[in-house]
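> sequence and predicted structure below; questions after.
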Amino acid sequence: MIYSERFECMKRDELRLVQGERLKDAVRRAYENVPFYRKKFDEHGVKPSHIQSIDDIRKLPFTMKDDFRETYPFGLFAVPLRDIIRLHVSSGTTGKPTVVGYTREDLDLWAETIARTLACGGGTADDVLQVAYGYGLFTGGLGVHYGGEKLGATVIPMSGGNTKKQLMLMQDFGTTLLACTPSYALQIAEEAAAEGIDLKKMKLRTGYFGAESWTEAMRKQIEQRLPLKAIDIYGLSEVIGPGVASECLEQDGLHVFEDHFYPEIINPETGEPVEPGQKGELVFTCLTKRAIPLIRYRTRDISCLNEQACPCGRTSRRMERVSGRTDDMLIIRGVNVFPTQIEEVLMKVEGVEPQYLIIVDKTGTLAELEIKVEVSEGIFSDEVKKLEALRKRIFDEMRSMLSISAKITLVEPKSIERALGKAKRVEIRTVK
Ligand code: DLL
């Protein structure tokens, strides 16, 4: 089922007209109601009247993460606080968190884009949806929750953690749709195996996994362990939360809900648009959001856009799964490598579990890389010679595929710390 056929399957030239009209309105609202934007546009020499079609978007300046911090807490809001009915906060690693607000219309829009997301993965009103994203300031739990209700599914507001109970409810309530981070999905599978619960007997059908980067190889691991189709869903708090883009059952790129969130890909160094189909930094403009009419927001996420029609019938452009973030890239002795590339290589080695930790030690003169990898139960109890052979295999694969020499440490099953929400895969050690 396509939730909003009118917009999701709109002819592309017609969609561009809609986008153009909506952009004009968003720019006007930003200029008139947000002093930050008025100043920025004036400095840039652009007025709302300069925006006549969606192509004019390039005339506008970018918005950055720091702009949220500098206008903390409510400086980017285009409406008075009395019209804001919800706040969410995304915690950064340093400084003030990012605050986002929603009007009633924004919450309706959000529920709609999540309902579309769920429908993309085959969800309908007949489904039972277990939401195991964290509830609270994080947008995952409540965001997916209200979209599930809008779709008419039976929503279980389970939140993250308490994995035994997750499994009990999944079994007793006949959960068909599961929403959580991909790493938490693996934890559920792990717990089921430990408890001797046969997941194959469950009614699970689709998993809506996102909020952290994961790879095609990780998808295979998850689909082997859980009896479901693992769908990649994408979003970020600044834009709305989850519900910005979603894979359909073709599992071949994520449909961007671009009648609301207009995507661009730019070269992160020059800020210029890349050639069609090329990779670069994703930039989003919120065409319809009332509380924060976000203009050309630089996400730092790396992806590319595909304009080809999808067999599912949706005409929206598809973004490729996010392969990393511009600020995630590790530079090890001059070689650039993204954590997802390391994951891809690891997951192809037999005997390796989908649990690992990348440690970058910057305490010496040169950054050193160590990768801790969990191995499966059977292998760990094997003789030392076999473990050593596995260690060497991983080392060689890393060297030949990624040109990095990493110290590989094999560790016992279940020894790497599990996160309830977003997994922490990289640890940077610096001199204090
Ligand atoms: O993670 C929103 C979300 C919740 C998305 C639930 C999907 C599911 P933030 O906490 O603001 O919002 O983090 C946003 O997470 O810029 C990406 O770097 C990363 N991210 C989100 N989804 C994906 C994905 C939520 N499917 C940041 N693949 C984004 C890779 C993702 N990275």
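Good, I have the coordinates.
> could you pull up phi and psi at residue 315?
Note on residue 315: backbone dihedrals following degrees, to the nearest 10 are phi -100, psi -10.
> can you tell me the closest non-neighbouring residue to it?
residue 9 (5.4 Å; CB to CB, 6 or more residues apart in numbering). From N, CA and C alone the C-beta is placed, and that goes for glycine too.
> what is the neighbour count of the one you found?
15 (other CB atoms under 10 Å).
> list the buried residues of the one helix or strand residue 389 maps to.
Using DSSP states H and E, residue 389 sits within helix 384-402. For helix 384-402, burial by neighbour count (16 or more other CB atoms under 10 Å) applies to 387, 390, 391, 394, 395, 398, 402.
> between those residues, which is closest to the ligand?
Using CB to the nearest ligand atom, residue 402 comes nearest to the ligand of the buried residues of helix 384-402, at 19.5 Å.
> checking the residue in the stretch 251-400 of the chain positioned nearest to the ligand next. Helix, strand or coil?
Using CB to the nearest ligand atom, the closest approach of the stretch 251-400 of the chain to the ligand is made by residue 322 at 3.7 Å. Secondary structure state of residue 322, per DSSP: H, G, I helix; E, B strand; the rest coil, is coil.
> which residues sit against the longest helix seen in the chain?
The longest helix of the chain (DSSP state H) is helix 12-33. Residues outside helix 12-33 that contact it (CB atoms under 8 Å, 6 or more residues apart in numbering): 7, 10, 37-38, 41, 47-48, 51-57, 60, 78-79, 258-259, 262, 285-290, 293, 295, 307, 315-316.
> return the set of buried residues in that helix.
So, applying 16+ other CB under 10 Å, buried residues of helix 12-33: 15, 16, 19, 20, 22, 23, 24, 26, 27, 29, 30, 31.
> now it - C-alpha only, CSV.
In CSV, the C-alpha atoms belonging to helix 12-33 read as follows (Å, rounded to 0.1, in the frame of the first residue of the first chain):
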residue,chain,number,x,y,z
ARG,A,12,8.2,14.7,-11.3
ASP,A,13,7.6,18.0,-13.1
GLU,A,14,4.3,18.4,-11.2
LEU,A,15,6.2,17.7,-8.0
ARG,A,16,8.8,20.4,-8.8
LEU,A,17,6.0,22.9,-9.2
VAL,A,18,4.6,22.0,-5.8
GLN,A,19,8.1,22.1,-4.3
GLY,A,20,8.7,25.6,-5.8
GLU,A,21,5.5,27.0,-4.3
ARG,A,22,6.2,25.5,-1.0
LEU,A,23,9.8,26.8,-1.0
LYS,A,24,8.6,30.3,-1.7
ASP,A,25,6.3,30.1,1.3
ALA,A,26,9.0,28.6,3.6
VAL,A,27,11.5,31.3,2.7
ARG,A,28,9.0,34.0,3.2
ARG,A,29,8.1,32.6,6.6
ALA,A,30,11.7,32.3,7.6
TYR,A,31,12.6,35.8,6.5
GLU,A,32,9.6,37.4,8.2
ASN,A,33,9.6,35.5,11.4
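> distance to residue 417 and pLDDT added to the buried residues of helix 384-402, as a markdown table?
Below are these laid out as a markdown table (distance: CB to CB, whole Å; pLDDT from 0 to 100):
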| residue | distance to residue 417 | pLDDT |
| --- | --- | --- |
| 387 | 22 | 92 |
| 390 | 22 | 95 |
| 391 | 21 | 96 |
| 394 | 20 | 98 |
| 395 | 24 | 97 |
| 398 | 22 | 97 |
| 402 | 25 | 96 |
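> from residue 307, how far off is residue 177?
29 Å (CB to CB, to the nearest Å).
> and if you look at residue 35?
Distance of residue 35 to residue 307, given as CB to CB: 37 Å.
> next one: residue 333
Relative to residue 307, residue 333 is positioned 38 Å away (CB to CB).
> close to the ligand: what parts of the stretch 51-200 of the chain are there?
Within the stretch 51-200 of the chain, the positions adjacent to the ligand are 90, 133, 139, 140 by CB under 6 Å from any ligand atom.
> now with 8 Å, please.
90, 91, 98, 133, 138, 139, 140, 143, 144, 179, 181 (CB under 8 Å from any ligand atom).
> which members of those are classed as buried?
For these, buried by 16+ other CB under 10 Å: 90, 98, 133, 138, 139, 140, 143, 144, 179, 181.
> of these, which pair is most distant in space?
98 and 179 (22.3 Å; CB to CB).
> residue 161: what's it in contact with?
Taking CB under 8 Å, 6+ apart, one finds residue 420 in contact with residue 161.
> give me phi/psi at it?
In terms of degrees, to the nearest 10, the main-chain angles of residue 161 are phi 90, psi -180.
> same thing with residue 369?
Dihedral angles for residue 369 - degrees, to the nearest 10 - are phi -110, psi 130.
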